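> pasting a predicted model and its sequence here:
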Amino acid sequence: MNYTPSLTRYDNMLYNRCGKSGLQLPAISLGLWHNFGGVDVFENGRQIIRSAFDNGITHIDLANNYGPPPGSAEENFGAILKKDFTGFLRDELIISSKAGYNMWPGPYGEWGSRKYLISSLNQSLQRLQLDYVDIFYSHRPDPNTPLEETMQALHDIVKSGKALYIGLSNYHEAEAKKAIEILKNLGTTCLIHQPKYSMFERWVEDGLLDILEEYGVGCIPFSPLAQGLLTDKYLHGNIPQQSRAAKVHGALQSSAITPQVLAQITALNEIAKKRGQSLAQMALSWILRDNRITTVLIGVSSVEQLHNNLSTLNNLKFDKEELDAIEKILAMNQ
Ligand SMILES: NC(=O)c1ccc[n+]([C@@H]2O[C@H](COP(=O)([O-])OP(=O)(O)OC[C@H]3O[C@@H](n4cnc5c(N)ncnc54)[C@H](OP(=O)(O)O)[C@@H]3O)[C@@H](O)[C@H]2O)c1
């Protein structure tokens, strides 16, 4: 079936400025780490992308290695773009990719050398069938490559026109600060940082968010639902067959669903109910409570989950009692 984007696609989404840049991003962005690879059902992914765009999600996040097999999420998304996003629709999208993790054999297939980053971006563009990505990330810091080399490569990539903006992912505060300064001295602004952040993983609160604010860099937390733990999926202690924790290639281990986690999500779910939200919606609005966060980067395995998460935007406010009650639950047994 031909795709005609909804005419109301910009009516209900909230757009936030990314740091001090000129770019606005939707409060909810969609990541293709799981559910869009060669092992997944192509038409399911295609419907999710269409529905996301119909609801104002203009930002799609990828990386060289997303699949499995690695590279297949970029290939599939490239095919969806070709089929559905014809004409000038490319200009309504922000498409991100990254390089840093293991992608091909030998010494040039991972980490942060100039050789790897530039070769990997060229491969990503081929798979995506695009001339440029909007944001290109260093996916992780490389302890064995000078930060100057990695940042020079990112700067040169922007100069070459193959990426419009640069991002960092998984850089802790000291190395993020140094990288942002190197880029600035080269004449390229770091647009955004992509760290892991959820109710269950809060290291960014210890300094990274302050640095990003100081330098005017946006923030896009990944795995805000702790890969599905912060949803109603595992609430009853069993692992549904189609869930990430049940899949051989799923990154969520069933061992992560401990009695302590179950007790915490059960208690959090009670607060969510009182707020008239699903647990997932509360977990997402809790991330967006901090105005240093530009957008939350979710994953979904169905259009239903996408719609459930989009309704987060109906209630982004917390009162002090709710925040205190959440803190108490998160501190349980620690
Ligand atoms: N920079 C990095 O190093 C890095 C690392 C990881 C991820 N990322 C990016 O972040 C994106 C999101 O990560 P993530 O997929 O781990 O995020 P997440 O949003 O924490 O987890 C997504 C999973 O949660 C479940 N889910 C989502 N909404 C739900 C709902 N309303 N009800 C019930 N279950 C729901 C689904 O699990 P089921 O599949 O079980 O249905 C879905 O696959 C990735 O796609 C990728 O773009 C970046």
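Yep, it's here. Residues are numbered from 1 along each chain as shown.

> give me the pLDDT value at the spatially closest residue to residue 200 that is not a sequence neighbour.
Closest residue in space to residue 200, ignoring its immediate chain neighbours: residue 226 at 4.6 Å, by CB to CB, 6 or more residues apart in numbering. Yep, even glycine has a C-beta here, placed from its N, CA and C like the rest. Per-residue pLDDT puts residue 226 at 97.

> centre of the chain versus stretch 250-267, how much separation?
21 Å (CA atoms, centre = their mean, to the nearest Å).

> what residues sit buried inside that stretch?
Neighbour counts over stretch 250-267 (16 or more other CB atoms under 10 Å) mark 250, 252, 257, 261, 264-265 as buried.

> repeat that for stretch 6-17.
Buried residues in stretch 6-17 (16+ other CB under 10 Å): 9, 15-16.

> for stretch 197-205, same thing?
197-200, 204.

> try stretch 179-197
Here stretch 179-197 shows 179-180, 182-183, 186, 188-197 as buried, counting by 16+ other CB under 10 Å.

> hmm, back to that, wait, which of the buried residues of stretch 6-17 is closest to residue 47?
residue 9 (15.3 Å; CB to CB).

> list the contacts of residue 266.
Counting by CB atoms under 8 Å, 6 or more residues apart in numbering, residue 266 makes contact with residue 235.

> quick check, nearest of the buried residues of stretch 6-17 to the ligand?
Set against the ligand, the nearest of the buried residues of stretch 6-17 by CB to the nearest ligand atom is residue 16 (17.2 Å).

> distance of the nearest residue to that closest one once chain neighbours are set aside from residue 60?
Spatial nearest neighbour of residue 16, chain neighbours left out: residue 294 (5.0 Å); criterion: CB to CB, 6+ apart. Counting by CB to CB, to the nearest Å, the separation of residue 294 from residue 60 is 15 Å.

> out of those two, which sits in the more crowded spot?
A count of neighbours by other CB atoms under 10 Å puts residue 294 above the other of residue 294 and residue 60, at 29 against 22.

> tell me who's in contact with the more buried one.
16-19, 25, 192, 218-220 are the contacts of residue 294 under CB under 8 Å, 6+ apart.

> among the residues you listed, which ones are in strands?
16-17, 25, 192, 218-219 (DSSP state E).

> want to throw those residues into CSV with distance to residue 276 and pLDDT?
Formatted as CSV, the ones in strands among the contacts of residue 294 follow (distance: CB to CB, whole Å; pLDDT from 0 to 100):
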residue, distance to residue 276, pLDDT
16, 23, 98
17, 29, 98
25, 26, 99
192, 31, 99
218, 29, 98
219, 27, 99
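
> which one of those residues is nearest to the ligand?
Using CB to the nearest ligand atom, the ones in strands among the contacts of residue 294 come closest to the ligand at residue 192, 11.0 Å.

> got the contact list for that closest one?
Applying CB under 8 Å, 6+ apart, the residues near residue 192 are 18-19, 135, 165, 167-168, 217-220, 294.

> dump those into a markdown table; add distance to the ligand as well.
Listed next are those as a markdown table, based on distance: CB to the nearest ligand atom, whole Å:
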| residue | distance to the ligand |
| --- | --- |
| 18 | 16 |
| 19 | 17 |
| 135 | 12 |
| 165 | 15 |
| 167 | 9 |
| 168 | 10 |
| 217 | 15 |
| 218 | 14 |
| 219 | 12 |
| 220 | 8 |
| 294 | 14 |
